[in-house]
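Asks: Need the 3D shape of this:
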Amino acid sequence: MKRSETISIAVAESSVIVRSGLIAVLRRLPNLNIEPLEITSVDGLNDCMQGHVPHVLIIDPLFGGFFNVEQFNEAYPKEDIKIISLLCSVTDSNLLKGYDESIDLYNTPEEIEKKISNILHLNKENSDQEALTQREKEVICCIVKGMTNKEMADHFFLSIHTIITHRRNISRKLQIHSAAGLTIYAIVNKLVDVSEVKI
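Replies: Residues are numbered from 1 along each chain as shown. Model (predicted):
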């Protein structure tokens, strides 16, 4: 699954406060395009599985009395659904067997995003880095260092048109359209050292 795709996440929780709060957090995760589904009952979960199968199910282990992951997977063997336990209270660790991940009420939005990305194999750094060619990474470094298109063309022995094409491809792949954004990206992904950035 690609990071840019819409991720369907069903939240099965009987508490309206917890459920709506988690859905609000999911909608605000900046790097994931999430379509949340609210599930309030076991019947609602069964209806969901018949109609719109989610990529991820976030569920309270005590949902409907007790949610049995093994039975759920047996009931829907063809569906590759990642299941995350939603811990709202102290829960026996034996109840958590079979879950792909766990989140609780104390997790930050960043931690939740990271856990969802990991179970769906959406590791941002790797997917972005693989999407960029070596030349595009070199062009990003030059942009961060403040080089003009002409200076980059001379540096790489390429035409200005080719440099512009590289810049357009970088913007399309990363969805970053400013030098400042590319600078942050380059520092975070260790393409350049902070000392190399032209201020």
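
Asks: Quick one: name whatever helix or strand follows the lowest-mean-pLDDT helix or strand in the chain.
Replies: One helix or strand of the chain scores below all others by mean pLDDT, DSSP states H and E: helix 124-131, with a mean of 52. Tracing the chain past helix 124-131, the next element assigned as helix or strand by DSSP states H and E is helix 134-144.

Asks: Quick check: buried residues in that following helix?
Replies: Glu136, Glu138, Val139, Ile140, Cys141, Cys142, Ile143, Val144 (16 or more other Cβ atoms under 10 Å). Just so you know, the C-beta spots here come from the backbone N, C-alpha and C atoms, and that holds for glycine as well.

Asks: and if you look at stretch 13-21?
Replies: Glu13, Arg19.

Asks: Then stretch 173-189?
Replies: Neighbour-count burial for stretch 173-189 [16+ other Cβ under 10 Å]: Leu174, Ile176, Leu182, Thr183, Tyr185, Ala186, Asn189.

Asks: mind checking the SS state of the fourth one?
Replies: Classification of Thr183 by DSSP: H, G, I helix; E, B strand; the rest coil places it in helix.

Asks: Near the nearest residue to Lys137 once chain neighbours are set aside, how many residues? Count them for me, please.
Replies: Spatial nearest neighbour of Lys137, excluding adjacent residues (Cβ to Cβ, 6 or more residues apart in numbering): Leu191 at 5.8 Å. When neighbours are counted by other Cβ atoms under 10 Å, Leu191 registers 18.

Asks: try Glu70
Replies: 9.

Asks: So it is in contact with Gly98, correct?
Replies: Yes - under the criterion of Cβ atoms under 8 Å, Glu70 makes contact with Gly98 at 5.6 Å.

Asks: So which bits of stretch 85-105 are buried?
Replies: Ser85, Leu86, Leu87, Cys88, Thr91, Leu95, Tyr99, Asp100, Glu101, Ser102, Ile103.

Asks: you'd agree the last one is in a helix?
Replies: In this case it means Ile103. No - checked against three-state DSSP, Ile103 lies outside a helix; its state is strand.

Asks: wait, what's in contact with it?
Replies: For Ile103, the contact set (Cβ atoms under 8 Å, 6 or more residues apart in numbering) comprises Ile58, Ile84, Ser85, Leu86, Leu87, Glu111, Ile112, Lys115.

Asks: Can you tell me how far the residue nearest to Ser15 when sequence neighbours are not counted is from Ser14?
Replies: Sequence neighbours aside, Cys88 is the residue nearest to Ser15 in space, at 6.9 Å (criterion: Cβ to Cβ, 6+ apart). Using Cβ to Cβ, to the nearest Å, Cys88 is found at 10 Å from Ser14.

Asks: ditto for His52
Replies: His52 is 20 Å from Ser14, by Cβ to Cβ.

Asks: before we move on, what about Ile163?
Replies: 57 Å.
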